[in-house]
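> Would you be able to build a 3D model of this:
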Amino acid sequence: MAYTPELSYQHSCALRRIAWALEMPMTKAIGEVLDYVGNVIDRKKVCEACRDKSRCEGCVFKRG
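Below is the predicted model:
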């Protein structure tokens, strides 16, 4: 497992509400959120800024 940052109270509450809406635990909901972000963010910008080129295969920003 990679470094896991602590969520602020506000973001923890938001994630909890997303999890309720998706009817899944917060640990799975955050994965869904990150998969979604991988589909809508500027992937080129993320890849250019990436500091770990060893994990490109399977990266959420390489999909699609």
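
> For stretch 54-64, C-alpha coordinates in PDB please.
C-alpha atoms of stretch 54-64 as PDB (Å, rounded to 0.1, in the frame of the first residue of the first chain):
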ATOM      1  CA  SER A  54       7.500   2.500 -13.500                       C
ATOM      2  CA  ARG A  55       3.800   2.000 -12.900                       C
ATOM      3  CA  CYS A  56       2.200   3.300 -16.100                       C
ATOM      4  CA  GLU A  57       0.700  -0.100 -16.900                       C
ATOM      5  CA  GLY A  58      -2.700  -0.200 -15.300                       C
ATOM      6  CA  CYS A  59      -2.700   3.500 -14.200                       C
ATOM      7  CA  VAL A  60      -6.100   5.100 -14.100                       C
ATOM      8  CA  PHE A  61      -4.800   7.900 -16.300                       C
ATOM      9  CA  LYS A  62      -3.800   5.600 -19.100                       C
ATOM     10  CA  ARG A  63      -7.300   4.100 -19.600                       C
ATOM     11  CA  GLY A  64      -9.600   4.800 -22.400                       C
END
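
> what does the average pLDDT come to for stretch 35-45?
The average of the pLDDT scores along stretch 35-45 is 92.

> and the residue sitting furthest away from the middle of the chain, what is it in contact with?
Distance from the centre of the chain peaks at Ser54, with 18.4 Å (Cα atoms, centre = their mean). Counting by Cβ atoms under 8 Å, 6 or more residues apart in numbering, Ser54 touches no other residue. Where C-beta positions appear, they are placed from N, C-alpha and C, glycine not excepted.

> Any figure for the gap between it and Glu6?
According to Cβ to Cβ, to the nearest Å, Ser54 stands 26 Å off from Glu6.

> now Val37
Val37 is 19 Å from Glu6, by Cβ to Cβ.

> Alright, I will stop here.
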